[in-house]
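*Asks:* show me how the following folds:
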Amino acid sequence: MTAGAHKNVYRKNFSLIAAFLVLITVTLIIALIIAYNLTSRYVENEFNLRKLDVLERAIKPYNDFFQNRIPEITSYQGFLDSASAANYARSVFDDYPFVKSIRYNEITVGSKSENYTGNGMDIVMKAVYEYQPVIRRVVGTRLAVDVANEDFKTMAAKLNYYIAVADTSRVPNQDEIYRTFYDVQPSKISYLNIPRREEIRSYRELQKGRRTRALYKQNMMTFLLDVFALKITNTHPELYQHVTVQPVVYDPLNANDNELRTEVAFPGAFADYKIYFNSQKSHLDTEVNRRFMPIAGIVLLIYVFMVLIGWLIYRNLNTNLKLFKLQYDFINNFTHEFKTPVSVIKIAGSNLRGDGELTERQRKHYGKILDEEADKLNELMNKLLSFTQIENRSIKLNKEEINLEQFVQKYINTFSIKYPDFKLGYLVDGIYNFYTDPVLLGSIFQNLIENAYKYSNPGRKDLFIRIAFEKRNIVFSFTDKGIGIPKSEINNVFKKFYRIENQYNQNGSVGLGLAFCKELVNFMNGDLQVKSKVNEGSEFIVTLPYEN
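*Replies:* Predicted structure coming up:
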């Protein structure tokens, strides 16, 4: 497989991930837009619906007053007087501030005169009292009878009709009670106590013309109400900026496109009024944003999760591609490394087995070739085997004391003979003996010296080795004047089977040398670092703990 093929595979994988990211990003944007629009619509719907919550809370005292407190008048069975009516009024004023005034009507029911030819029942208003609250007390005033005459006439007519048609075999239902004994008008409620069935039968006899001197008492009260005394609580300030009570006919004169308005009418005696709600659009936008943020956070969290999945897929593909490339390069280079010595050995062997006579010089030459190529194969196999053993920690350190100057000089002499054009120098600074494994340390020296020669331009094959003692460590510095290492590749040079693509390693490199050194140094509890500049050279620094 060619390098171009690798790149094409990589581009396809990257395009797939890029398409995935674009897809989920577009989906994210669409989801956010839809979520925002739905949230905005939901808030607007709430703006039009939550007004009922405000109305329900505001009207709750009125409903309690209408359904529970007013019917208490019936419990007196017509025997209220001005004093007991004042006590009743006091309790109403204490509990229901929207009741501003109460009129108590004292009514009697009896026979008409004998000369009267119509309905024989006579309903008469004897007295009228008005009660009003002042500080910590109730003031009662007796009024002229004609002040409440209209309310009285309405209730008397309802009572007259009810007695004529009532079914005395049962108690009246709620609808009959509401139609007969209540009179609900704007800001005013009149109520007449409900007579017992026996009284209704007696009243019916009076209607039929039966004469009697008996008088029956009825109590009637009229409650004057003030809608502005109702407590209006804005239970949804996030929706409504202003909540006010207005007449039903109220309509704002200045229409404002940036303002939202809604309203709801009061029931019953307050039907002439409504609760009016208005808010600026910016106020609702704030609420929309507040509700939208958690939704956006969840969507973004899902997006991040999807991006993470995409990244993991990409990393897995990229890692697999690199592993495939490493395996390919390893097989290719290793095959080449084996192929060359094997080919040379085969040629030399063929010549030795040939029928022609060989001179002593030729025989020694072929023997030397066989020996050198066998050494290359053996060195390559030993390096790979040693690498595996070190990674698996299946070898042990065999430490012994070595003289550093003699140790370095041995490798200087060896490489000087091997590479006559290689300029080697060294300095042992202030330390002479070192307790370590000489074989492993020798492998480090051999690989770093070999690399320095291999990756240097002709005429600049130069290496200086310096050994010094620093902070209870031995530091070995290998400084060359070679081609250098690009900054982007510094973190990769110690990876197994990794090769920097250049003219110096296309043949004869499997990417094991520096990785092998790194593993050796780590195995010896040390550290290996590199400093390099392109076209200026590199410095490999081996730091090992000092033991004596």
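
*Asks:* element containing residue 89?
*Replies:* Following DSSP states H and E, one finds residue 89 within helix 82-95.

*Asks:* average model confidence for that helix?
*Replies:* Mean pLDDT, helix 82-95: 93.

*Asks:* same question for stretch 471-478.
*Replies:* On average, stretch 471-478 scores 91.

*Asks:* with only the CA atoms kept, save stretch 302-320 in PDB.
*Replies:* C-alpha atoms of stretch 302-320 as PDB (Å, rounded to 0.1, in the frame of the first residue of the first chain):
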ATOM      1  CA  ILE A 302     -26.900  16.300  24.200                       C
ATOM      2  CA  TYR A 303     -24.900  18.100  21.500                       C
ATOM      3  CA  VAL A 304     -21.600  17.800  23.600                       C
ATOM      4  CA  PHE A 305     -22.400  14.200  24.200                       C
ATOM      5  CA  MET A 306     -22.800  13.600  20.400                       C
ATOM      6  CA  VAL A 307     -19.600  15.500  19.700                       C
ATOM      7  CA  LEU A 308     -17.800  13.400  22.200                       C
ATOM      8  CA  ILE A 309     -19.100  10.300  20.500                       C
ATOM      9  CA  GLY A 310     -17.900  11.700  17.200                       C
ATOM     10  CA  TRP A 311     -14.500  12.500  18.600                       C
ATOM     11  CA  LEU A 312     -14.200   9.000  20.100                       C
ATOM     12  CA  ILE A 313     -15.100   7.500  16.700                       C
ATOM     13  CA  TYR A 314     -12.600   9.800  15.000                       C
ATOM     14  CA  ARG A 315      -9.900   9.000  17.500                       C
ATOM     15  CA  ASN A 316     -10.600   5.300  17.200                       C
ATOM     16  CA  LEU A 317     -10.400   5.500  13.400                       C
ATOM     17  CA  ASN A 318      -7.300   7.700  13.600                       C
ATOM     18  CA  THR A 319      -5.600   5.300  16.000                       C
ATOM     19  CA  ASN A 320      -6.500   2.300  13.900                       C
END
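
*Asks:* picking that back up, which other helices and strands contact the helix holding residue 89?
*Replies:* In terms of contacts (3 or more Cβ pairs under 8 Å, 6 or more residues apart in numbering; DSSP states H and E), helix 82-95 is packed against strand 99-111, strand 121-134, strand 137-143, strand 216-225. Bear in mind the C-beta positions are built from the backbone N, C-alpha and C, glycine included.

*Asks:* helix or strand right after the lowest-mean-pLDDT helix or strand in the chain?
*Replies:* Within the chain, no helix or strand scores below helix 360-391, which has a mean of 68 by mean pLDDT, DSSP states H and E. Next helix or strand after helix 360-391 toward the C-terminus (DSSP H and E): strand 400-403.

*Asks:* return the set of buried residues in the next helix or strand after that following strand.
*Replies:* The helix or strand immediately downstream of strand 400-403 is helix 404-418, counting by DSSP H and E. Buried residues in helix 404-418, counted by 16 or more other Cβ atoms under 10 Å: 404, 407-408, 411-412, 415.

*Asks:* any idea of the angle the next helix or strand after helix 404-418 forms with helix 404-418?
*Replies:* For helix 404-418, the following helix or strand on the C-terminal side (DSSP H and E) is strand 423-429. Interaxial angle of strand 423-429 relative to helix 404-418 (axes from the mean of the first three to the mean of the last three Cα atoms, to 10 degrees): 180 degrees.

*Asks:* contact partners for the residue lying closest to residue 266 once chain neighbours are set aside?
*Replies:* Closest residue to residue 266 apart from its sequence neighbours, by Cβ to Cβ, 6 or more residues apart in numbering: residue 273 at 5.1 Å. For residue 273, the contact set (Cβ atoms under 8 Å, 6 or more residues apart in numbering) comprises 227, 245-248, 265-266.

*Asks:* check which residues of stretch 460-478 are buried.
*Replies:* In stretch 460-478, counting by 16+ other Cβ under 10 Å, buried: 461-467, 474-478.

*Asks:* which two of these have the greatest separation?
*Replies:* 461 and 474 (26.2 Å; Cβ to Cβ).

*Asks:* mind listing the helices for the stretch 251-400 of the chain?
*Replies:* 281-353, 360-391 (DSSP state H, counting those that start in this stretch).

*Asks:* and residue 542, which of the three is it?
*Replies:* strand (DSSP: H, G, I helix; E, B strand; the rest coil).

*Asks:* burial of residue 447, as a residue count?
*Replies:* Neighbourhood size, residue 447 [other Cβ atoms under 10 Å]: 19.

*Asks:* can I get the buried residues of helix 404-418 in a markdown table including distance to residue 16 and pLDDT?
*Replies:* Shown next, in a markdown table, are the buried residues of helix 404-418 (distance: Cβ to Cβ, whole Å; pLDDT from 0 to 100):
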| residue | distance to residue 16 | pLDDT |
| --- | --- | --- |
| 404 | 56 | 90 |
| 407 | 55 | 91 |
| 408 | 54 | 92 |
| 411 | 51 | 88 |
| 412 | 54 | 90 |
| 415 | 50 | 86 |
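
*Asks:* if I look at residue 182, how far off is residue 219?
*Replies:* For residue 182, the distance to residue 219 equals 14 Å [Cβ to Cβ, to the nearest Å].

*Asks:* comparing those two, which residue is more hemmed in?
*Replies:* Neighbours were counted for residue 182 and for residue 219 using other Cβ under 10 Å; residue 219 has more, 22 against 17.

*Asks:* beta partners for that one?
*Replies:* Counting by DSSP bridges, residue 219 forms beta bridges with residue 106.

*Asks:* ok, it touching residue 105?
*Replies:* Yes. Counting by Cβ atoms under 8 Å, residue 105 is a contact partner of residue 219 at 7.4 Å.

*Asks:* ok, now which ones touch the residue nearest to residue 61 when sequence neighbours are not counted?
*Replies:* Distances taken as Cβ to Cβ, 6+ apart put residue 96 closest to residue 61, at 5.9 Å, once the chain neighbours are dropped. Listed by Cβ under 8 Å, 6+ apart, the contact set of residue 96 reads 61-62, 65, 69.

*Asks:* now, which of those residues sits nearest residue 366?
*Replies:* Closest to residue 366, out of all of those and judged by Cβ to Cβ, is residue 61, at 119.9 Å.

*Asks:* so which bits of stretch 63-81 are buried?
*Replies:* Buried, per 16+ other Cβ under 10 Å, within stretch 63-81: 65-66, 69-70, 73-74, 78, 80.

*Asks:* okay if I get the buried residues of stretch 460-478 as TSV plus distance to residue 32 and secondary structure?
*Replies:* Below are the buried residues of stretch 460-478 laid out as TSV (distance: Cβ to Cβ, whole Å; DSSP: H, G, I helix; E, B strand; the rest coil):
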residue	distance to residue 32	secondary structure
461	63	coil
462	63	strand
463	62	strand
464	63	strand
465	63	strand
466	62	strand
467	64	strand
474	61	strand
475	58	strand
476	59	strand
477	58	strand
478	58	strand
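
*Asks:* want to throw those residues into CSV with distance to residue 146?
*Replies:* Putting the buried residues of stretch 460-478 into CSV (distance: Cβ to Cβ, whole Å) gives the following:
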residue, distance to residue 146
461, 133
462, 131
463, 130
464, 129
465, 130
466, 127
467, 128
474, 124
475, 121
476, 125
477, 123
478, 125
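
*Asks:* please identify which of these is nearest to residue 365.
*Replies:* The closest of the buried residues of stretch 460-478, once distances to residue 365 are taken by Cβ to Cβ, is residue 461, at 27.0 Å.
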